[in-house]
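Q: Attaching a predicted model along with its sequence, questions to come.
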Amino acid sequence: MEEREDSLHPQDDMPTDDRDRGGEGASQETELDEDDRLKPEFVSDVLALAEAGEHEAARERIGRLHPADIADLFELVSDEDRPLLASVLGDMLSPDVLAEMNEHVRERLIDLLAPEQVAEIASELDTDDAVAIIEDMEEDEQQAVLQAMEPEDRAAIEDALSFPEESAGRLMQRDLVAVPEHVRVGDVIDRLREDTELTSDFWEIFVVDPMHRPVGTCQLSWILRTPRDIAISDVMKREQTLIPVDMDQEEVALRFQKYALISAAVVDKAGRLVGMITVDDIVHIIQEEAGEDILRLSGAGDGDINEPIRQTYAARVRWLIANLGTALVASTIVGLFGGAIEHMVALAALMPIVAGVGGNAGTQTLAVTVRALAMNQLTDSNSWRAVWREMKIALLNGGTIALIAGSATALWFSNPGLGGVIAAAMIVNIFVAGVAGVAIPLLLDRLDQDPAVASSIFVTMTTDSMGFLAFLGLAVASGLTAL
């Protein structure tokens, strides 16, 4: 976990991956179903053995699992059973298991451990995984864990914690392989073999200048296929994607996706190499950010089934209250046309159709727009083109739905005038929904607000209000009813 700036950082033994399932497949066939999930009967059997005091038997069954599956086991049992399971596992509750574990489950388990135990686990992890364990702890607990760590490990963690949450500085690993640009390939190979304190996992070597600024990268395959007397500077690739240490993790993920990166150097404000980020970390970020945006659209908070009930309640109820306030706008509009509704009851039956279809149309556009903003597909250069595109789509959709709804209404109620009113209201509301679905998130983005958080509330208010206003207003204006 420590940063070794004097350069070469590979492994001290032959590379092994204790997370590889290759040798475990046969022993896990009875534990996992066809979708690679733990079977319910396996979970029940393990808990039964633990509760009966047959800890060795329980450990023997759990010991055949991959660390990620052991983490899943903790997530599948109840809060009350997790302390028992942890005591049964003992030293099998390894850093790899904790690194794979859901953050809410991990936080509760960490609370059961002494600071010295947490410090020992964190010291065995990569810096980014250790930070993920420590960063959510209470300040006093965090300091107790840091004090129990070795000075070098503590310094690396404290340095990572100094960066903003969800930034490249929190995400990066400090163990890396860096060599000066003047060395030859043979020197690099010799040091990789002889240095026993180098990191165990890497895909490329970073080449740095005397100021420790990255000037190029060199894949291991290039080094192995190059004669020993060739200078590393003649083999390296000078073009590289550098990640600023304070860059948001979502932007980092977009760079990895755009440039098909396996790893990338992280640099400080002076351009010095301070760490690296690898694609295995980015996979988690992409999954996390994608799920986060979808959940924010619905106001569902983290949306994690392991999240404490109080946190979930607090995250959801504030948006329901906000929605209640915006719903009053729509109800006020309906109230203005109370007399018309009393005169023609069919209006009350048809109003939800206009508002509902408009709301769905707005949600479709909103989802596409928020995704485009998150993927950097929608910028100042093409935002007006996107608005115009959604307007044309809304008119096409509105015309189609208007034809269907208008014809059906005219036939059902034997009233062509009412059919024409609902058709016109459909066109108006779906058009407004399309414009609102793209314009509201764009506006929030320009105001430096997260468009995924509040857009759905305002889009729903707009489509409901405009749907009722257009339908009831056109009904009155057409002479179908009188106020």
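A: Arrived safely, thanks for sending. Residues are numbered from 1 along each chain as shown.

Q: now L480, nearest residue through space, not along the chain?
A: G417 (5.5 Å; C-beta to C-beta, 6 or more residues apart in numbering). Placement of C-beta: from N, CA and C, glycine included.

Q: how near is the one you found to M344?
A: The gap separating G417 from M344 is 11 Å, by C-beta to C-beta, to the nearest Å.

Q: thinking again about what came up before, what does the pLDDT read for the residue nearest to L480?
A: Reading off the per-residue confidence, G417 sits at a pLDDT of 91.

Q: How about A452?
A: What the model reports for A452 is a pLDDT of 69.

Q: try I440
A: Reading off the confidence values, I440 has pLDDT 90.

Q: Next: A475.
A: Turning to A475, the model gives it a pLDDT of 90.

Q: how many neighbours does the residue nearest to L480 have?
A: Using other C-beta atoms under 10 Å, G417 is surrounded by 13 other residues.

Q: Check the secondary structure at it for me.
A: Each residue gets one of three states, and G417 gets helix by DSSP: H, G, I helix; E, B strand; the rest coil.

Q: sorry, back to before: which residues are common contacts for G417 and M344?
A: By the contact definition C-beta atoms under 8 Å, 6 or more residues apart in numbering, G417 and M344 are jointly contacted by L480.

Q: Lowest-scoring secondary structure element of the protein by mean pLDDT?
A: The weakest-scoring helix or strand in the chain, judged by mean pLDDT, DSSP states H and E, is helix 25-28 (a mean of 46).

Q: And the strand or helix carrying T363, what does it pack against?
A: In this structure, T363 is located in helix 346-374 according to DSSP states H and E. Under the contact definition 3 or more C-beta pairs under 8 Å, 6 or more residues apart in numbering; DSSP states H and E, helix 346-374 sits against helix 279-298, helix 338-343, helix 383-413, helix 416-446, helix 451-477.

Q: need those in TSV with distance to V368, can you?
A: What follows is those, written out as TSV (distance: least, C-beta to C-beta, whole Å):
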stretch	distance to V368
helix 279-298	11
helix 338-343	35
helix 383-413	8
helix 416-446	8
helix 451-477	12
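
Q: ok, now which ones touch P441?
A: By C-beta under 8 Å, 6+ apart, the contact set of P441 is 366, 369-370, 373, 451-452, 455.

Q: repeat that for 10 Å
A: Shown in contact with P441 (C-beta atoms under 10 Å, 6 or more residues apart in numbering): 297, 365-373, 378, 449-456, 458-459.

Q: who's in contact with M461?
A: 322-323, 325-330, 359, 362, 436, 440.

Q: roughly how far apart are it and M276?
A: Using C-beta to C-beta, we find M461 at a distance of 46 Å from M276.

Q: do D190 as well
A: 22 Å.

Q: Same drill for the two, tell me which one is more crowded.
A: Each of D190 and M276 has its neighbours counted (other C-beta under 10 Å); M276 has more, 26 against 14.

Q: bridging residues for that one?
A: Beta bridges link M276 to Q173, A265, judged by DSSP bridges.

Q: On the pLDDT front, check it for me.
A: The predicted structure scores M276 at 92 on the pLDDT scale.

Q: got it, and the one 5 residues further on?
A: Confidence at D281, expressed as pLDDT, is 81.

Q: what do you get for the one 4 residues further on?
A: Per-residue confidence for I285 comes out at a pLDDT of 80.

Q: check contacts around it.
A: 166, 171, 249-250, 252-254, 256, 277.

Q: Likewise for V432?
A: Contacts were defined as C-beta under 10 Å, 6+ apart; by that measure V432 touches 358, 361-362, 394, 398, 459, 462-463, 465-467, 469-470.

Q: So which of those wins on neighbours?
A: Highest neighbour count within the contacts of V432, by other C-beta under 10 Å: G358, with 34 neighbours.

Q: quick one: low-confidence ranges for the protein?
A: For the chain, applying pLDDT under 70 flags the ranges 1-30, 288-306, 315, 452-454, 481-483.

Q: domain ranges for it?
A: Per automatic domain parsing, the structural domains of the chain span 25-162, 178-289, 308-477.

Q: Can you mark which positions in stretch 432-449 are buried?
A: For stretch 432-449, burial by neighbour count (16 or more other C-beta atoms under 10 Å) applies to 432-442, 444-445.

Q: typo on my end, stretch 376-395
A: Residues of stretch 376-395 classed as buried under the neighbour-count rule (16+ other C-beta under 10 Å) are 378, 383, 386, 390, 393-394.

Q: Rebuild the residues you listed as JSON lines, extending it with distance to A408.
A: As requested, these are exported to JSON lines (distance: C-beta to C-beta, whole Å):
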{"residue": "L378", "distance to A408": "36"}
{"residue": "S383", "distance to A408": "37"}
{"residue": "A386", "distance to A408": "33"}
{"residue": "E390", "distance to A408": "26"}
{"residue": "I393", "distance to A408": "23"}
{"residue": "A394", "distance to A408": "21"}
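
Q: Tell me the one among those residues nearest to A349.
A: Within the buried residues of stretch 376-395, proximity to A349 (C-beta to C-beta) peaks at A394, which comes in at 25.0 Å.

Q: ok, and the closest non-adjacent residue to that closest one?
A: Distances taken as C-beta to C-beta, 6+ apart place G434 nearest to A394, at 2.8 Å, with adjacent residues excluded.

Q: Check the secondary structure at V274 for me.
A: Going by three-state DSSP: V274 is strand.

Q: if I look at the residue nearest to L480, how far off is R225?
A: Relative to R225, and taking C-beta to C-beta, G417 is found at 80 Å.

Q: do G275 as well
A: 28 Å.

Q: likewise L84?
A: In this structure, L84 lies at 54 Å from R225, with C-beta to C-beta as the measure.

Q: V208 too?
A: With distances taken as C-beta to C-beta, V208 is found 22 Å from R225.

Q: between the two, which one's more packed in?
A: Between V208 and R225, counted using other C-beta under 10 Å, V208 has the larger neighbour count: 20 against 10.

Q: what bridges to the nearest residue to V208 once chain neighbours are set aside?
A: Leaving aside its chain neighbours, V208 sits nearest to A178 (5.1 Å; criterion: C-beta to C-beta, 6+ apart). Legend: beta-bridge partners of A178 under DSSP bridges are F206.

Q: these two touch, right, A178 and V267?
A: No - in terms of C-beta atoms under 10 Å, A178 does not count as a neighbour of V267; the distance is 11.9 Å.

Q: Overlap in contacts, the two.
A: What both A178 and V267 touch, as defined by C-beta under 10 Å, 6+ apart, is the set 212, 214, 273.

Q: which residues touch the second one?
A: For P214, the set of contacting residues under the criterion of C-beta under 10 Å, 6+ apart consists of 178, 181, 206-208, 236, 238, 240, 242, 264-267, 271-273, 276.

Q: One more pass at 6 Å, please.
A: Neighbour list for P214: 206, 208, 265, 273 [criterion: C-beta atoms under 6 Å, 6 or more residues apart in numbering].

Q: Quick check on it: phi, psi?
A: Here the main-chain torsion angles of P214 (degrees, to the nearest 10) amount to phi -70, psi 130.

Q: Number of residues surrounding Q287?
A: By other C-beta under 10 Å, the residues close to Q287 number 11.

Q: Nothing else from me, thank you.
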